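S.K.: Let's see this in three dimensions:
(one chain, ligands or ions: 1)
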Amino acid sequence: MRIIRAEFMGLCFGVRDALAIARDTNRPESVSIYGELVHNPTIQGELVSRGFRVVSEQERDSTLLKDRVMITAHGISQKRLAILNTQASEIIDTTCPLVRRVHEATQTLERENRFVVLIGRRNHVEVQGIVEDLSRSIVIESPDQIVDWKEPALGVVSQSTTTPELAQRCLARILELNSLSDVRYMDTICRPTRQRQQALEALCQSVSMVIVVGGKHSNNTRQLAKRCAELGCKAFQIESAQDLQAEWFTGLLAVGLTAGTSTPDETIEEVAKRLATMAEQNEPGF
Ligand code: SF4
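M.R.: Modelled structure (predicted):
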């Protein structure tokens, strides 16, 4: 069985930079991380073992924070930041610049008196951070949630990790049902997400099954697995090499490998190594 890697996969620069800031932070025991720095259990474990207090996304509002607070790569609203500034002696901000770009785009659209339509996952922290600063907005997760909002002007953006394919389908439906509105679309999908999606599409042309490595809570990892299914390719989403099961590969000649933007290189290499061992032990199939 051949193991074919996607041309682009794994950590993006936004996550690398956030991690580098965390690793360079002195006195980690005095820092609360305001949510999951990145949606990956391996990285979360490393941060906890270094002494950081990781406050879960669900408990951000109810937990007493330490003196210093680290904002995650997913960003937060200006409203929330103002509150944190009154509580913490230092804010360590690791917000990805491409998430900031989504905030800026929505603020521009709001200044133009547009009703903002955000294509993304309603409960995701990035999305919450964006809409908390908007006075009029709606989050949609799929085309079937789109209606005629009867607004004179709409502004449409995407969560940074939305698939280009979903964004296009939603945009087409918005234009169809809101033909009397002036619609402005700003493309806010981040480049690493786009590259990984395109590489996956190419990969799915050569294999019938793909292993997608990444955290369960990682939006872009889930999107990669979902896209495989849409392309008629079987996908297994795993967090580590231990999750691989030999029976998945019975009779398979080739398997694809990809990973979300919050998956560390070491985790990908461990998965690739275990796949290679399984392939050798079970030739021609498993
Ligand atoms: S996935 Fe995109 S937006 Fe998110 S941290 Fe990476 S580069 Fe930034």
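S.K.: all strands for the stretch 51-200 of the chain, in order.
M.R.: Here the stretch 51-200 of the chain has its strands, by DSSP state E, counting those that start in this stretch, at 53-55, 68-71, 90-93, 115-119, 137-140, 153-158, 182-185.
S.K.: Is the longest one in proximity to the ligand?
M.R.: Going back to what we said before, that points to strand 153-158. No: on the criterion CB under 6 Å from any ligand atom, strand 153-158 is out of touch with the ligand, staying 10.8 Å away. Every C-beta, even on glycine, is put in place using the N, C-alpha and C of the backbone.
S.K.: Name the residues of that strand that are buried.
M.R.: 154-158 (16 or more other CB atoms under 10 Å).
S.K.: List just the nearest of the residues you listed to Leu81.
M.R.: The shortest gap between Leu81 and any of the buried residues of strand 153-158 belongs to Val157, at 20.0 Å (CB to CB).
S.K.: so what's that closest one up against?
M.R.: Counting by CB atoms under 8 Å, 6 or more residues apart in numbering, Val157 makes contact with 102, 105-106, 109, 116-119, 185-186, 188.
S.K.: State the phi and psi torsions of His124.
M.R.: phi -80, psi 140 (degrees, to the nearest 10).
S.K.: Which residue, other than its chain neighbours, is closest to it?
M.R.: Leaving aside its sequence neighbours, His124 sits nearest to Asn219 (CB to CB, 6 or more residues apart in numbering; 5.7 Å).
S.K.: re earlier: can I get the buried residues of strand 153-158 in CSV with pLDDT and distance to Arg27?
M.R.: What follows is the buried residues of strand 153-158, written out as CSV (pLDDT from 0 to 100; distance: CB to CB, whole Å):
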residue, pLDDT, distance to Arg27
Leu154, 98, 47
Gly155, 98, 42
Val156, 98, 43
Val157, 98, 38
Ser158, 98, 38
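S.K.: The strands of the stretch 51-200 of the chain: lowest mean pLDDT?
M.R.: Sorting those by mean pLDDT places strand 53-55 lowest, at a mean of 90.
S.K.: what about the residue nearest to His124, how many neighbours?
M.R.: Asn219 has 25 neighbours, counted by other CB atoms under 10 Å.
S.K.: check contacts around it.
M.R.: 39, 120-121, 124, 126, 159, 161.
S.K.: burial of the closest residue to the ligand within the stretch 1-150 of the chain, as a residue count?
M.R.: Taking CB to the nearest ligand atom, the ligand has its nearest neighbour within the stretch 1-150 of the chain at Gly14, 2.5 Å off. Neighbours of Gly14 under the rule other CB under 10 Å: 22.
S.K.: my read: it touches Thr193, true?
M.R.: No: contact criterion CB atoms under 8 Å: Gly14 and Thr193 do not qualify, at 10.1 Å.
S.K.: shared neighbours of the two, which are they?
M.R.: By CB under 8 Å, 6+ apart, the residues touching both Gly14 and Thr193 are Thr261.
S.K.: ok so, going back, which of the buried residues of strand 153-158 sit farthest apart?
M.R.: Greatest spatial distance among the buried residues of strand 153-158 (CB to CB): Leu154 and Ser158, at 13.8 Å.
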